[in-house]
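# predicted model, plus sequence, below.
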Amino acid sequence: MENVGYPHAIRRDSDVCNRFHNLKDEQQRIQIKTFTNWINATLSKNNNDQRKVTDLMSDIKDGVILLNILETLTNSKLTKEMPKSTRRPLQINNVSTALNYLRRRGMKLVNINCTDIVDGKPSIVLGLVWKIILHLQIQNTLSRRLRRTNSQDIGKLLTRSTSLEAKDFGKSWRNGELFNKLINRIKPGAIVEQKIQPENVRENLQNAFKIAERELDIPQLLDPDDVDVEKPDEVSIITYVGEFIKKYPDEVDVCLKERLLTRARRLSYSHGDSSLDLVRVKPLDEASGKPCQETRTIPYICVLVFVILYKCIWYIFIFFIIHNTFLRSS
């Protein structure tokens, strides 16, 4: 008997594959756009004379843009060969300088090499920029904040209420409500939340992006079209939300920061990188701008738990001493 269902099964499998590739291409397009905007925004705030990135895969080849980003984020001075050189050996030398600096900072660059960057391979270039954002911006901001947190601040941070119920960094942000609430969390009254309607997705997103740029000086890395899609790109959203954390680390909910860091770690692991850790990544010294030597950052929750356990054990010990003394005297 002829199996008439077999061709239909093949067609369905083909449709699934096409949909997957289309989704992957769309996410890659959004990441290229987001990272291009992030690079330009980062460089423009510190180096007004730096050239702008228009084509990420092409402009990053000579390594100069890459070195400029690292100098801006780390306040370091790195050696560059001829700016905008078209000679491949000089381009490779610039990229090699950047990658070696990142390795000295404790970053593991799995499957990332100079020739792939110079050749402009999208997956490799995007993976490298993503790691730079995680380690040198988001990670460094959070680790500095944790180092400043003293014992009195711990209780305040843990009991601080939050109005941001971000279950993820994809679909939860699609309708724009969380972006608007985040802005109001930082600057109360900047947005009238009663006017935010779940059905007005594009309007909510556009309103949030414009007000964040105008009122909070947060660069608009995304457009409504980038977020209002079937599966919003988490990498791009984390990059954008990271700008709020970088500029307003004390105003952003501690729960949101923890969720963002946890999700960023998982996304980093999926790219073969297991080095994104508060203990293992070398933070910057604020005075010199260079990596701190043997700096260890212990999560403040662990410190709080240790203090509580220590006090409990101490109280129990005192209780037994008093109890035994009472029994002997009686």
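In hand now; what should we look at?

# secondary structure element holding the residue lying closest to residue 31 once chain neighbours are set aside?
Excluding its sequence neighbours, the residue lying closest to residue 31 (C-beta to C-beta, 6 or more residues apart in numbering) is residue 126, at 5.3 Å. The way it works is simple: take the backbone N, C-alpha and C, and place the C-beta from them, glycine included. Using DSSP states H and E, residue 126 falls within helix 122-133.

# please apply the same query to residue 258.
Residue 258 belongs to helix 254-270 when elements are defined using DSSP H and E.

# in that helix, what's buried?
For helix 254-270, burial by neighbour count (16 or more other C-beta atoms under 10 Å) applies to 254, 255, 256, 257, 259, 260, 261, 263, 264, 265, 267, 268.

# check stretch 55-69 too.
By neighbour count on 16+ other C-beta under 10 Å, the buried set for stretch 55-69 is 56-57, 59-69.

# could you do stretch 214-221 as well?
By neighbour count with 16+ other C-beta under 10 Å, stretch 214-221 contains the buried residues 216, 218, 219, 220, 221.

# in those, find the pair that's most separated.
216 and 221 (13.2 Å; C-beta to C-beta).

# how big is the angle separating the helix holding residue 126 from helix 254-270?
Angle of helix 122-133 versus helix 254-270, following axes from the mean of the first three to the mean of the last three C-alpha atoms, to 10 degrees, is 140 degrees.

# which elements pack onto helix 122-133?
Under the contact criterion of 3 or more C-beta pairs under 8 Å, 6 or more residues apart in numbering; DSSP states H and E, helix 122-133 touches helix 5-44, helix 56-59, helix 64-74, helix 114-118, helix 234-247, helix 254-270.

# can you list the ones you listed in CSV and add distance to residue 212?
As requested, the helices and strands packed on helix 122-133 are exported to CSV (distance: least, C-beta to C-beta, whole Å):
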stretch, distance to residue 212
helix 5-44, 12
helix 56-59, 23
helix 64-74, 21
helix 114-118, 31
helix 234-247, 8
helix 254-270, 15
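
# out of these, which is closest to residue 87?
So among the helices and strands packed on helix 122-133, helix 114-118 is nearest, using C-beta to C-beta, at 10.7 Å.

# helices or strands next to the closest one in the packing?
helix 88-104, helix 122-133.

# just the buried residues of it, please?
Counting neighbours by 16+ other C-beta under 10 Å, helix 114-118 gives 114, 116, 117, 118 as buried.

# do the same with stretch 236-254
By neighbour count on 16+ other C-beta under 10 Å, the buried set for stretch 236-254 is 236-248, 252-254.

# just name the closest of these to residue 38, please.
residue 239 (5.8 Å).

# quick one: residues contacting that closest one.
Counting by C-beta atoms under 8 Å, 6 or more residues apart in numbering, residue 239 touches 34, 35, 38, 130, 133, 221.

# so can I have JSON lines of those residues showing distance to residue 139 and pLDDT?
Shown next, in JSON lines, are the contacts of residue 239 (distance: C-beta to C-beta, whole Å; pLDDT from 0 to 100):
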{"residue": "34", "distance to residue 139": "18", "pLDDT": "96"}
{"residue": "35", "distance to residue 139": "17", "pLDDT": "96"}
{"residue": "38", "distance to residue 139": "15", "pLDDT": "96"}
{"residue": "130", "distance to residue 139": "12", "pLDDT": "93"}
{"residue": "133", "distance to residue 139": "9", "pLDDT": "93"}
{"residue": "221", "distance to residue 139": "18", "pLDDT": "96"}
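
# would you turn the residues you listed into TSV with distance to residue 315?
Below are those laid out as TSV (distance: C-beta to C-beta, whole Å):
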residue	distance to residue 315
34	52
35	53
38	51
130	48
133	46
221	51
